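[1] Sequence first, predicted coordinates after that:
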Amino acid sequence: MELRESVIGMAIGVQAMHHGTMRFRRWRAQERGQDVLAAALYEGNSRARERIDRWWAAGGTHRDEVWRGAWFLLTAAHFRFGNHEQPERVVPVLEFLLEADPTSPYRPQVRLTACLPQTAADAPNGVYMGDPEVPRLVEAALRFPDPSLRQRLADLLSVTDQPGLLDALETAFRPRARPGPTYTGAAPPGHETRCDLWLGGEPNSFLKIVCANPNLPRPPAQPDDIDLSLLALLKDRPDLLPAFEQGALAVRLLEYLGTWLPKQVHDRCRRALRDLSAREGVTAVCEQAMLGDAEAIAAARDAGYRPASPAWTPLFLLLTRQFSAYREADPNGRVLQLMCSIDGLRIGEDVIIDRILAILDTDLPDDVAAAVRRSLRDLGPLSDASVENLGRRGMRRTILARAIKLEPEAVAAVVDAGYLPEDDDQELLPLLFLTEQFERYDREDPNGTGLRAVLAGKRYRYEHEHFRTVAERAGRPDPWPPEEPSPSGDRTSIRHATTWPSSFGVGGHF
């Protein structure tokens, strides 16, 4: 881009140097819009200005020459191109394009809206032919150094119905609405937001423009254009939300509820979550509820949502604390076994077990807690290689992994059900010690050397604090092996990154 603009700038500079000697001959030949426009705008040449106005009024190819000439001049002046921009050469061209034009079919009726394309797409690749750079107009309305012209562009964008400019505003809106990192200073003091549309909790200059424009939001051209859903929420257009892909919309609404936004926007997000009609949206809310999202749980309970698959229903009702309905859906305490029978789980077995362990750590009704614990202890291997058996294995492995982290419910399940490692014999001794199954541990490793050997080779798998805690509680020696001595500090004993073999057999150094 910089090379292209430099070449154009050099070409126009050469044309300007020869303007005095070649102007009239050039006009009598095949005039070029940018030459005449440059004379009119930069030199104040009245004849050139008359010619430009006449060409513009004529329309067709004559107007197109002037239009493309204006963009050639803007490009040569590095319009919105960082520190290279030449505002003194940009201003006259933009002021020309902002002059009234009653032939424009769009508001406001100025030259700019008369000729802009219907989209904000980038100019075609190849030789630059004066195609407009529509997104730069939005950038200029926000940051152009001339405050008067900047305000004129902002006022234009606040009322325009020109499709290319609306497209440019939507293009600029998307990354600002997409939850990203926390934006410093965007939210009110004491809050944080992941959307770049506010300053101290008040709309920034860009948000003021899009909120003022009565022609935004528009129905999304593509259902997956989820970033534009925030525009519909900001302007209270719930009628547009069904046009978005409902599963992705539900997830985005929950993301917006997880960061600071104005209260009225959060209220609209909550209403939208409870008004989902498409199955994809309901499924997304149910899944997020099972993952522990508080807003999803509240929405699912209020709206009476249920998962698409009946096999998910007991787990969903349990994790959303709808205990009366859970008792009816799982009278025999088979919640985990039902999950094991599902082929292609959308939520991993490890996540399911973690959620089960977490809810057991809360105040559950006694009968519900007993049913869940019963299911947690009935995940032993089956005699066949069915889908259920694979699911059981994944859940058992997670329970074992949580037990060696000393999670109480996992430890109790391992001890009561007799779960043992199946993939690595060296995992047995650490598990027996950490779950305090000392009768069997003492039979397997009477003098403790086996466990110390395992820990010496695989200490990265475990945490010393867990072994120390169990040892103190049981009145046993800490089995953790002593730290290995650090390597010698002698630089000659090891090869360093700054040493390489040379053709003379002697190391070289950087």
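    Nice, I can see it. Computed from a predicted structure; not experimentally measured.

[2] now the helices for the stretch 401-510 of the chain?
    408-417, 428-434, 438-444, 449-458, 464-474 (DSSP state H, counting those that start in this stretch).

[3] The longest one packs against which elements?
    Put plainly, it is helix 464-474. helix 428-434 (3 or more CB pairs under 8 Å, 6 or more residues apart in numbering; DSSP states H and E). Where C-beta positions appear, they are placed from N, C-alpha and C, glycine not excepted.

[4] Not counting the helix it packs on itself, show me its contacts.
    With contact meaning CB atoms under 8 Å, 6 or more residues apart in numbering, helix 428-434 is reached by 400, 403-404, 406, 411, 414, 420-421, 437-438, 440-441, 444-445, 450-451, 454-455, 461-462, 466-467, 470, 479.

[5] again with stretch 135-151
    Counting by CB under 8 Å, 6+ apart, 79-80, 85, 87, 90-91, 94-95, 112, 120, 153-154, 156-157, 165, 168-169, 171-172, 205-206, 209 sit against stretch 135-151.

[6] Past the helix or strand of the chain with the lowest mean pLDDT, which element shows up next along the chain?
    In the chain, the helix or strand scored least confidently by mean pLDDT, DSSP states H and E is helix 19-28, which has a mean of 42. Along the chain past helix 19-28, the next helix or strand (assigned with DSSP states H and E) turns out to be helix 33-42.

[7] Export that next one to PDB, keeping only CA atoms.
    As requested, C-alpha coordinates have been extracted for helix 33-42 and formatted as PDB (Å, rounded to 0.1, in the frame of the first residue of the first chain):
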ATOM      1  CA  GLY A  33      -9.700  14.400 -13.700                       C
ATOM      2  CA  GLN A  34      -7.000  14.500 -11.100                       C
ATOM      3  CA  ASP A  35      -4.900  17.000 -13.100                       C
ATOM      4  CA  VAL A  36      -7.800  19.500 -13.500                       C
ATOM      5  CA  LEU A  37      -9.000  18.900 -10.000                       C
ATOM      6  CA  ALA A  38      -5.600  19.500  -8.500                       C
ATOM      7  CA  ALA A  39      -5.400  22.800 -10.400                       C
ATOM      8  CA  ALA A  40      -8.800  23.800  -9.100                       C
ATOM      9  CA  LEU A  41      -8.400  22.800  -5.500                       C
ATOM     10  CA  TYR A  42      -4.700  23.400  -4.800                       C
END
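
[8] Number the residues from 897 up from this point.
    Will do, 897 is the new start, and the previous item becomes helix 929-938.

[9] Can you get me the centre-to-centre distance for that helix and its chain?
    Helix 929-938 has its average C-alpha position 46 Å from the chain's average C-alpha position, going by CA atoms, centre = their mean, to the nearest Å.

[10] Over stretch 1241-1251, what's the mean pLDDT, rounded is fine.
    Confidence for stretch 1241-1251, expressed as mean pLDDT, is 92.

[11] Tell me which residues are up against it.
    For stretch 1241-1251, the external contacting residues (CB under 8 Å, 6+ apart) are 1183, 1186-1188, 1211, 1215, 1232, 1235, 1287, 1290-1291, 1293-1295, 1297-1298, 1306.

[12] Sort out which of these are in helices and list them.
    Applying DSSP state H to these, the entries found in helices are 1183, 1186, 1211, 1215, 1232, 1235, 1287, 1290-1291, 1293-1295, 1297-1298, 1306.

[13] So which of those is the closest to residue 1113?
    Each of the ones in helices among the contacts of stretch 1241-1251 was checked against residue 1113 using CB to CB; the closest is residue 1183, at 27.5 Å.

[14] which residues touch the closest one?
    Residue 1183 sits in contact with 1203, 1242, 1243, where contact means CB under 8 Å, 6+ apart.

[15] Show the buried residues in those.
    Burial by neighbour count, 16 or more other CB atoms under 10 Å: within the contacts of residue 1183 this picks out residue 1203.

[16] could you dump the contacts of residue 1183 to a markdown table with secondary structure and distance to residue 1129?
    Below are the contacts of residue 1183 laid out as a markdown table (DSSP: H, G, I helix; E, B strand; the rest coil; distance: CB to CB, whole Å):
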| residue | secondary structure | distance to residue 1129 |
| --- | --- | --- |
| 1203 | coil | 26 |
| 1242 | coil | 27 |
| 1243 | coil | 28 |
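
[17] Residue 1285 against residue 1291, yeah?
    No: with contact defined as CB atoms under 8 Å, residue 1285 does not reach residue 1291; the gap is 10.9 Å.

[18] got any residues that touch both of the two?
    Residues touching both residue 1285 and residue 1291 (CB under 8 Å, 6+ apart) are residue 1236.

[19] When the two are compared, which one has more neighbours?
    A count of neighbours by other CB atoms under 10 Å puts residue 1291 above the other of residue 1285 and residue 1291, at 24 against 15.

[20] Could you check how far that one is from residue 1335?
    With distances taken as CB to CB, to the nearest Å, residue 1291 is found 26 Å from residue 1335.

[21] One more: residue 1056?
    The spacing between residue 1056 and residue 1335, counted by CB to CB, is 81 Å.

[22] Which of those two has more residues huddled nearby?
    Just comparing residue 1056 and residue 1335: by other CB under 10 Å the higher neighbour count belongs to residue 1056, 26 against 8.

[23] Need the three-state assignment for the closest residue in space to the more buried one that isn't next to it in sequence.
    In space, and not counting its chain neighbours, residue 1056 is closest to residue 1003: 5.9 Å by CB to CB, 6 or more residues apart in numbering. Classification of residue 1003 using DSSP: H, G, I helix; E, B strand; the rest coil returns coil.

[24] Generate a PyMOL selection restricted to the buried subset of the contacts of helix 1324-1330.
    A single PyMOL command is used to select the members of the contacts of helix 1324-1330 judged buried by 16+ other CB under 10 Å:
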select buried, resi 1296+1299+1300+1302+1307+1310+1317+1333+1337+1341+1346+1347+1350+1351+1358+1362+1363+1366+1375
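
[25] SS state for residue 1217?
    State at residue 1217, reduced to three classes by three-state DSSP: coil.

[26] okay, now it: neighbour count?
    15.

[27] Name all residues that make contact with it.
    Applying CB under 8 Å, 6+ apart, the residues near residue 1217 are 1193, 1255.

[28] ok, now how distant is it from residue 1197?
    Counting by CB to CB, the gap from residue 1217 to residue 1197 is 8 Å.

[29] re the thing from before, could you dump the helices of the stretch 1297-1406 of the chain into TSV and include mean pLDDT and distance to residue 1140?
    Converted to TSV, the helices of the stretch 1297-1406 of the chain look like this (pLDDT from 0 to 100; distance: least, CB to CB, whole Å):
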stretch	mean pLDDT	distance to residue 1140
helix 1304-1313	98	40
helix 1324-1330	97	48
helix 1334-1340	96	57
helix 1345-1354	94	49
helix 1360-1370	97	47
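
[30] Now render those as CSV, adding distance to residue 1165.
    Written out in CSV, the entries for the helices of the stretch 1297-1406 of the chain read as follows (distance: least, CB to CB, whole Å):
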stretch, distance to residue 1165
helix 1304-1313, 34
helix 1324-1330, 44
helix 1334-1340, 53
helix 1345-1354, 47
helix 1360-1370, 42
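
[31] For residue 941, find the nearest of the ones you listed.
    Closest among the helices of the stretch 1297-1406 of the chain, using CB to CB: helix 1360-1370, at 83.6 Å.

[32] So which bits of that closest one are buried?
    The neighbour-count check on helix 1360-1370 (16+ other CB under 10 Å) flags 1362, 1363, 1366 as buried.

[33] Please apply the same query to stretch 1150-1160.
    Judged by neighbour count using 16+ other CB under 10 Å, the buried positions of stretch 1150-1160 are 1150, 1151, 1152, 1153, 1155, 1156, 1157, 1158.

[34] I am finished for the moment; much appreciated.
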